[in-house]
Structure formats: C-alpha cells, structure tokens
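Asks: Got a predicted structure plus its sequence, pasted below:
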Amino acid sequence: MNQKRERNLGIEELSAEMAVELPSRHLLATISVLGLPLAGVSDVAVKVDTSGPGWLIGS
Amino acid sequence: MTPCLAQGVGLLGEMRGTGSAEPGFLIRRGDGTMIVVSQLLFWLAEEIDGQRGISEAAENLSRRIGSTVGADGVAYLLEHKLAPLGVIAGAGEQTKSPCAVLALAGRAALIPPHAVRRVAVLLKHLFHAPVVGIVLASVIAMHLWLLHQPGSLFDTRAILEHPATLLSIVAMTALGGLFHEFGHGSASLYGGAEPGAIGAGFYILWPAFFTDITESYRLDRLGRIRTDLGGIYFNLILSLMLGSLYAHTDNPVWLWAALAQDLIILQQFIPFLRLDGYYLISDLTGVPDLFGRVRPMISSLVPGRAVDRGINDLRPGVRIAVAIWVLSTVSILGWFGVRLALGFPQIMTGAWRLTAALWASTAHNLSSGRVAAGLAALVQSVLVTIQALGIAFLLARAVAWTGRQAGAGITKRAGRS
C-alpha cells in the first residue's frame, strides 16, 4: 500500500483550494487623447528647432 | 448522481509565467471565461467525464495526489469550488462575475471572432523577428528625419484653424484605434491563442475600441507580453505609413496624423488605467488582476495586520513590484481625483461655455454652407461634452464608492460592539 496515501485531506484543508475566475482581457484603444488637444485647447504646440535634434543625429 | 463538466468547458493545463508561489491551472468555460484553479481541483476536473461516479473520482484523485480524499471531500469540492464557477453541468446558478474596477462598459462587438481571425492570419506575419527588426529600424529612422524637419511639428492652433485637417486627424486616429486592435489580435494568434471579437464600448465615458484576448491567458509570459505590445507595434506601423505619405506629399496633415499616433502610444503606456501599460505590468509580474490586489495590499501594509492571502501567495519579488504599483496607482489616481474634484466647478463652467460657443459655430458654419468647418466644430463640441460628462461620472462614482465603504465600515463596527 502506498504510504503517501495515509494522509487524509479533510474538508477544512480542501476549502483552502484555489478556484478563481480571471478577469476578461479587453485591450483598449481610446480616442481620449484626441480630446485633450482638440477639445478647444488651442495653445498646445510642440516646436522643434529648425536645426533639428543635433545631439541625437550628430548634425 | 454522476457529475459531468458543463458544455464547452476546456481543461487547458498549467498557467505559465505567473507571479504566484503555487502553480495555477487554467480551465476555460464555454463562454470563454478563464478560471484558474489549484492542481488538485484541475486533476479532479480531469476525472469528471460524465461516466465515473463520485467514489471512483475520489479514488483516482487520491491515487494521483498521494493523499486520501474521500467521496464527501470530492462532493464538497464539486459543490463549493467548481460548480459556483460554472465548470460542472446542471449545477444551478453560477457565482456572478466580480465587478472589475475601471473596466470597459457598454461593450458591443463590431467584428466577430472569425472575421478578426481571417485578418489576423494575414497580419500575424508582421510579428516574425526580422520583420519586427525592419519595422522598428524604419520607425526610428523616420522619427529622426521628422524631428529634423524645420518649424513646428504638432501645433494644435494650426490644426484647429483648418477644419478639414482636424476632421482628417480625428478620422485617422479613430481608424488607427481599430488598427491597434488588430495588432493585439494578430499578436495573440501569432502566439497560438485565438483572438475574440473586436468591438466598441466606453472606457469610463470615453469611446474606445477593444479586442477580446481573454484566450491569451494560455500563452507563456512572452506570448502575453507580445499580445500586450501588439497594438502599440501596429500604431508604429501606422505612424510609419503616415510619415511616408508626408515625405511624398509634403502635406502636414500626414505629419500631424503620424505624431498623433506617437501621443496615443505614450498614452497607452500609462499603467494606472486599464490600458496596454497596465496589462504589460500585469504580465511582467504574472499577476492577472492587479486592481484586485489593491485592497489586500493596502490592508497588508498596515502595521499589526496579517498579510492577506492574496498577497502572501505571491513570490517575494513580485510582492514588492505589486506594492510599488499599488502605492503609485493609489497616489496618482488619488491626486488626480482631488485635483478634478477641486477644479470641478471651473471645469464644468468652462466646458459649458465652450460647448455653447462650438454649437453656435456649428450652426453658423452649416447655415452659411461651410460644411467642413461646421462638422469640425460639431466634433469638437462632442469631444468637450464627453470630457465633461466623463469627469462628472468619475467623480459621482468615486463619491458613491466612498459612501458605500463608509457605510460598510459603520455597519461592521456596529456589529462588533
């Protein structure tokens, strides 16, 4: 007889067994980013020096 | 009575790349919902074939785990663990799915899974390593070139001055959202997990596209991370195409549309809302429900309180990473909430004035035949209204939640005394 099977798992031990529903995965793409600059905020500008990012491209 | 698995239930095997100390095993319900169970419960589910009785299942299970589980123990597990999650046939009403924090609402499928799959089969080749390398090198080269262009790059004043430009950018950004979703679906299929439907819904109150990639839980960590980043990768591809159009036509609309993609990518990396950055952290740590760990983590950080089981189950390094995420998220969302609450009257007054002015502009432009300008003002007024309603809705939910928590606390204290 298998000696390992001497241990008897009671209800208390069994009640600790994990069973969990995982959250569904709905990966999103919102257009909310449009709302920020286009919803009337008219003074947002990203400007780049005409010489460009010299530190980056070595010009 | 002989137990039987519910229709459509699939026993998928061990979940890979989790942050838990104990291994978890995946079961897929007929409706596509994923359930993670302990090894013992998974083995029990494997014994349930509609032919073996409870006693035989108990005997087989005992042999596999090397300890004795009696028929009463198996009956308990079936009734209290598997049946409430809808794994066992004819088990009556299953437990209601937990309400997810800051989740997508009002979901409606636009493109069914079989159609998403058909497109994803073609697009998944974009995830072969050499192709990814070429795309990323091209994107870097294009951005270096774009940044070297003289003058203003992304100027909202210039965009607002040209209604047709504004409408084009809005349309391309919306289409870009759809393309982003195909990126997730294709990456999921490339890894070996079937993508679900692509649809639309409301995130808080902002319109959003979504892809159901719940099946990606069965992928290993790398496969899940690829799926998370697939959308951003497709934004980069779109940005590359738009930048190329600018190079050929010199029309700044394409330039701004390409740069709008960069803004969207930056936004997607925000890890405090359910955007791609959130899922990326979730998969890097191997914790599928980060928002579900907020309360247990905060409770566990209170001196003198026992560490919650939901935190204790995590590996030490993962526990630290989750603690950092929880503290950052609570601080930043809390700070943001306070700022919104304090500024609420001014925000609503400003939004009201702006909407009224935009409506007047819409009516004036349309009545004088300037259709593009009229439509542009209409689109702006819709965006302003959505922003304002979204903020009001968020604050109302926060107040209701605080009220519920306070009420529950008072009831608990009253019960103790």
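Replies: Yep, that arrived. As the structure is a prediction and not an experimental result, all values here were calculated from the model.
Asks: now check the helix or strand residue B:202 falls within, is it near chain A?
Replies: Assigned by DSSP states H and E, residue B:202 falls within strand B:198-203. Yes: with CB under 8 Å from any CB of the partner chain as the criterion, chain A is reached by strand B:198-203 at B:201, B:203. The way it works is simple: take the backbone N, C-alpha and C, and place the C-beta from them, glycine included.
Asks: what sits up against that strand?
Replies: The contact list for strand B:198-203 (CB atoms under 8 Å, 6 or more residues apart in numbering or on different chains) reads A:26, A:28, A:30, A:32, B:104-111, B:116, B:178, B:181-182, B:185, B:207-212, B:273-274.
Asks: Select only the buried ones of these in PyMOL?
Replies: In PyMOL, this line selects whichever of the contacts of strand B:198-203 come out buried by 16 or more other CB atoms under 10 Å in any protein chain shown:
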select buried, (chain A and resi 26+28+30+32) or (chain B and resi 104+107+111+116+178+181+182+185+207+208+209+210+211+212+273+274)
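Asks: mind listing which of the contacts of strand B:198-203 are in strands?
Replies: Here DSSP state E is the test, and the contacts of strand B:198-203 give A:26, A:28, A:30, B:104-111, B:207-212 as lying in strands.
Asks: Tell me who's in contact with residue B:330.
Replies: Residue B:330 touches B:294, B:298, counting by CB under 8 Å, 6+ apart.
Asks: what helix or strand does it sit in?
Replies: With DSSP H and E as criterion, residue B:330 is part of helix B:316-367.
Asks: and if you look at residue A:24?
Replies: Short version, using DSSP H and E: residue A:24 is in no helix or strand.
Asks: what's the closest non-adjacent residue to it?
Replies: Excluding its sequence neighbours, the residue lying closest to residue A:24 (CB to CB, 6 or more residues apart in numbering or on different chains) is residue B:214, at 4.8 Å.
Asks: what's the distance between the one you found and residue B:304?
Replies: 39 Å (CB to CB, to the nearest Å).
Asks: go on, residue B:64?
Replies: 41 Å.
Asks: what about the helices in chain B?
Replies: Assigned by DSSP state H, the helices in chain B fall at B:39-47, B:54-65, B:71-77, B:113-123, B:129-147, B:156-161, B:163-191, B:221-249, B:252-268, B:276-285, B:294-301, B:309-312, B:316-367, B:371-416.
Asks: If I look at residue B:158, what pLDDT would I see?
Replies: pLDDT, residue B:158: 67.
Asks: no no, residue A:34
Replies: 58.
Asks: Residue B:350 too?
Replies: 85.
Asks: one step back: could you spell out the sheet neighbours of the strand holding residue B:202, each with its direction?
Replies: strand B:104-111 (antiparallel), strand B:206-212 (antiparallel) (DSSP bridges).
Asks: Could you export those to JSON lines, including columns for mean pLDDT?
Replies: Formatted as JSON lines, those follow (pLDDT from 0 to 100):
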{"stretch": "strand B:104-111", "mean pLDDT": "88"}
{"stretch": "strand B:206-212", "mean pLDDT": "90"}
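Asks: residues in contact with residue 27?
Replies: I went with chain A, as the question did not name one. Residue A:27 makes contacts with B:181, B:184, B:210-211, B:213, B:227-228, B:231, B:276, B:279, as judged by CB under 8 Å, 6+ apart.
Asks: I was after chain B.
Replies: Residue B:27 sits in contact with B:9-12, B:34-37, B:42, B:45, B:85, B:87, where contact means CB under 8 Å, 6+ apart.
Asks: okay, those in a markdown table with pLDDT, neighbour count and distance to chain A next?
Replies: Converted to a markdown table, those look like this (pLDDT from 0 to 100; neighbours: other CB atoms under 10 Å in any protein chain shown; distance: CB to the nearest CB, whole Å):
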| residue | pLDDT | neighbour count | distance to chain A |
| --- | --- | --- | --- |
| B:9 | 95 | 20 | 13 |
| B:10 | 95 | 14 | 14 |
| B:11 | 96 | 16 | 13 |
| B:12 | 96 | 16 | 12 |
| B:34 | 95 | 23 | 4 |
| B:35 | 96 | 24 | 5 |
| B:36 | 95 | 24 | 5 |
| B:37 | 96 | 25 | 5 |
| B:42 | 97 | 23 | 10 |
| B:45 | 96 | 25 | 10 |
| B:85 | 93 | 22 | 6 |
| B:87 | 93 | 27 | 8 |
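Asks: Good, we can wrap up now.
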